[in-house]
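Engineer: build the 3D model from these lines:
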Amino acid sequence: MDLNNFTTIARAALTEAQNYALAHSNPSLTDLHLLSSLLKNDSISLPKLLNRSGVDLIKLGSSVSQSVENLPKIQSSSTEVKLQVDQTLVKILAKSEQWAKNRGDSFIASDALLLAITEVNGAAGQLLKQHNLNVTSLKQEIETLRQGRKIESDSGEELFETLSKYARDLTNAALNGKLDPVIGRDEEVRRTMQILARRTKNNPILIGEPGVGKTAIAEGLAQRIISGDVPEALLNKSILALDMGALVAGAKYRGEFEERLKAVISEIQSREGDVILFIDEMHQIVGAGKTEGAMDASNLLKPALARGELHCIGATTLNEYRNHIEKDTALARRFQPVYVGEPTIEDTIFILRGLKEKYEAHHGIRITDDALVAAAKLTDRYINDRFLPDKAIDVTDEAASFIRMQSDSKPEALDLIDRSILQLKIEQAALQKEPTSDDQNHRLEQITTELSKLEADSGALTEKWQTVKTKSEEVKQLQIKIEDARHLLERSQRDGNLEKAAELTYSILPSLINELDVAKKAFEKNDTVGQQVESRHIALIISQWTGIPVSKMLAGEEEKLLKMEKQMERQVVGQDEAISAIANAIRRSRSGLSDPNLPLGSFLMLGPTGVGKTELAKALAIFLFDKKDAILRLDMSEYMEKHSVSKLIGAPPGYVGYEEGGSLTEAVRRRPYQIILFDEIEKGAS
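Structural biologist: Now for the predicted structure:
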């Protein structure tokens, strides 16, 4: 039989069966080898279909492996062994061809091979019967999988269950408690539901900067659908997040990408409006999969969107929307924009408080409320290239990771003692090798005394450290149990299992919470390291990100600013008037009397050479940033020509170096908190 008559997946199964037979030195290729390869193939749905039809896959796989081991083996020194095809397998292949013709398929698929195995009374068919396979149920499962579609190409089998391959079910993830809680954004979620409930053009597109929570809105809607907190028109809907990368990946031949996407659309249409497709980074569909003479993803989606057969939620940034989607007016008019703005500091704190328990359970440490407030305020002030709440969540997560890593590592005090013990043991071993003397004996006695004391201290500290680790792990496990119990409670209430809900509410949860309180008290009693995230840890992480000194973030602004002149006068003597003018300007800016979007101050320092103009700039850098090299010095004598301004701000569009940026703009973008010193400014081009 010609292998070209089989689909790609069926061919791969037959090839794998052949390799399996050769690996076991079997003289014949049998139906057992074929069944084994079908069970091991992850790219097909047959194992799942068998499982739904009453077969225990683990037991079946074990029986097939044992049966293959019992097959006759040949001993051959030849590197090439010609396999004979067993007569039972020949019948199976013929039966599968007949089954494919009856279905109107152009190629023989793997499901035809499996059904042929069940109909031909061979060793593999007997094993399936022994493991309680319901053939009628299997045929029904295959019909459901196919949904009346015929296989017209060798890759046609890959188009079954495309949604499970190329999309993630957000509602199922919400049902299983795998999504983080979505705090706030009620107005945006309400607006999204309002658009989805429209009769036509019911496709919202969430537009906002990266990190403001566009994807979280889709996840929040999935959670509301599960809890029933949606309009009747959206009840029992499923939100599926399309993975555009998986859809494009591996599409080698022309038309393969279009086939996959059409199969996705067809499967959504067959579910008759029960599916809402969520496309994150929606600008990727414009041009996705486009080759010469082929359509891109957006053009394939347009007809289904126009007819209302496809409900879709998109998400993209403002720039990408303007550059890609807005230019395609036919696509843009099918979507209704929902603008998602950056939350305020107060809203961010509210969001962080809602996520706090999840992060505490994950890291097994406590996060103080002060740390959450500091995360929102300090990230808003010092990290300007990202947006709330994403940057505040990331900083809190990293601070918790930092504390967890510290708690898992050996405490510094214990490490110092262990190092001292090691040094003393090395000295003791060296002295014992030397000829004995009174001084040597005296020193050995001292070392022995010191070692006994240090080893006792080390043992006590090690025991305490291990106790803290154990208590910390107890707290973490209890937090996870409480989270699981709360999720089970929500599920029981949704399913109407009131008996289970009552048991969880009045028995299990109170007991777990009480255990957690006891465990937390025991942990805090033994904790000498301080395994909780505080505002100083948040400041430390931001310092690592930005290079801004920690002390400057946490020091009281009023006290620091009042003493500004005294600190600067220690470094620059005799320039009291200039220092006073600079200090007053900085105080005005820090007290909120000047525009927060402008620099803290702009100063023109005039005077002859050597009076301390540059030194004053260094003193200001030390006061603001704790280091005098936090200065970007630009020698304006290098910018005497008019065209040299492009060195500062970058070349205009269309010129060489446009995307590289300028020496001023790039330096400020990478390090926004620094002093910019325009030296010899009078020489700059006017």
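Engineer: from now on I want contacts and neighbour counts done on CA atoms only, so please keep to that.
Structural biologist: Will do.
Engineer: give me the nearest residue to Gly54, chain neighbours excluded.
Structural biologist: By the measure of CA to CA, 6 or more residues apart in numbering, the closest residue to Gly54 outside its immediate chain neighbours is Leu133, 5.6 Å from it.
Engineer: backbone dihedrals for the one you found, please?
Structural biologist: Leu133 has phi and psi values of phi -70, psi 130 when expressed as degrees, to the nearest 10.
Engineer: ok, now Gln532?
Structural biologist: phi -150, psi 150.
Engineer: residue contacts, it?
Structural biologist: Neighbour list for Gln532: Ile365, Arg366, Ile367, Thr368, Ala400, Ile403 [criterion: CA atoms under 8 Å, 6 or more residues apart in numbering].
Engineer: which of those sits closest to Met564?
Structural biologist: Met564 has its nearest neighbour among the contacts of Gln532 in Thr368, at 32.0 Å by CA to CA.
Engineer: neighbours around that closest one, how many?
Structural biologist: Neighbour count for Thr368, taken as other CA atoms under 10 Å: 14.
Engineer: give the contact list for it.
Structural biologist: Gln532, Val533, Glu534.
Engineer: 10 Å - rerun?
Structural biologist: Residues in contact with Thr368 (CA atoms under 10 Å, 6 or more residues apart in numbering) are Arg353, Lys356, Gln532, Val533, Glu534, Ser535.
Engineer: can you count the residues close to the fifth one?
Structural biologist: Counted by other CA under 10 Å, the residues lying close to Glu534 total 23.
Engineer: just give the nearest non-adjacent residue to it, would you?
Structural biologist: Ala371 is the one closest to Glu534 (CA to CA, 6+ apart), at 4.7 Å.
Engineer: my guess is that neighbour meets Ser535, correct?
Structural biologist: Yes - counting by CA atoms under 10 Å, Ala371 does reach Ser535; the two are 4.1 Å apart.
Engineer: what residues are shared contacts of those two?
Structural biologist: Thr396, Ala399.
Engineer: on that earlier part again, just send the contacts of Thr368 back as a markdown table, with secondary structure and distance to Gln223 too.
Structural biologist: Below are the contacts of Thr368 laid out as a markdown table (DSSP: H, G, I helix; E, B strand; the rest coil; distance: CA to CA, whole Å):
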| residue | secondary structure | distance to Gln223 |
| --- | --- | --- |
| Arg353 | helix | 19 |
| Lys356 | helix | 18 |
| Gln532 | strand | 30 |
| Val533 | strand | 29 |
| Glu534 | coil | 31 |
| Ser535 | helix | 32 |
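Engineer: nearest to Val68, of those?
Structural biologist: Each of the contacts of Thr368 was checked against Val68 using CA to CA; the closest is Lys356, at 54.1 Å.
Engineer: what's the burial count for the closest one?
Structural biologist: Lys356: 19 surrounding residues under other CA under 10 Å.
Engineer: relative to Ile393, how far out is the residue nearest to Glu534?
Structural biologist: Plainly put, Ala371 is 11 Å away from Ile393 if you go by CA to CA, to the nearest Å.
Engineer: joint contacts of those two?
Structural biologist: Residues touching both Ala371 and Ile393 (CA under 10 Å, 6+ apart) are Ile349, Leu352, Ala399.
Engineer: can I assume the last one sits in a helix?
Structural biologist: Just to be clear, that refers to Ala399. Yes - counting by DSSP: H, G, I helix; E, B strand; the rest coil, one finds Ala399 located in a helix.
Engineer: what's the neighbour count on it?
Structural biologist: Neighbour count of Ala399, defined by other CA under 10 Å: 26.
Engineer: which residues touch it?
Structural biologist: Each residue near Ala399 by CA under 10 Å, 6+ apart is listed here: 367, 371, 375, 393, 405, 532-542.
Engineer: in this structure Gln567 contacts Phe623, no?
Structural biologist: Yes - applying CA under 10 Å, one finds Gln567 in contact with Phe623, separated by 7.4 Å.
Engineer: low pLDDT regions in the stretch 401-550 of the chain?
Structural biologist: For the stretch 401-550 of the chain, the stretches flagged by pLDDT under 70 are 412, 523-530, 549-550.
Engineer: in it, which spans are helices?
Structural biologist: 412-433, 438-495, 498-503, 509-526, 535-546, 550-554 (DSSP state H, counting those that start in this stretch).
Engineer: take those helices and lay them out in TSV including distance to Glu219 and mean neighbour count.
Structural biologist: Shown next, in TSV, are those (distance: least, CA to CA, whole Å; neighbours: other CA atoms under 10 Å):
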stretch	distance to Glu219	mean neighbour count
helix 412-433	43	14
helix 438-495	16	16
helix 498-503	25	14
helix 509-526	26	15
helix 535-546	27	19
helix 550-554	35	16
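Engineer: quick one: closest of those helices to His311.
Structural biologist: Ranking these by proximity to His311 (CA to CA) places helix 438-495 first, at 25.5 Å.
Engineer: which strands or helices does that closest one pack on?
Structural biologist: helix 170-175, helix 214-227, helix 345-363, strand 366-367, helix 390-408, helix 412-433, helix 498-503, helix 509-526 (3 or more CA pairs under 10 Å, 6 or more residues apart in numbering; DSSP states H and E).
Engineer: what about these, which gets the closest to Arg333?
Structural biologist: For the helices and strands packed on helix 438-495, the distance to Arg333 is smallest for helix 214-227, at 20.2 Å, taking CA to CA.
Engineer: could you give the angle of the very next helix or strand once past the closest one to helix 214-227?
Structural biologist: Next helix or strand after helix 214-227 toward the C-terminus (DSSP states H and E): strand 238-242. Strand 238-242 and helix 214-227 meet at an angle of 150 degrees, taking axes from the mean of the first three to the mean of the last three CA atoms, to 10 degrees as the criterion.
Engineer: so what touches strand 238-242?
Structural biologist: With contact meaning CA under 10 Å, 6+ apart, strand 238-242 is reached by 163-173, 215, 218-219, 221-223, 225-226, 264, 268, 273-280, 282, 311-314.
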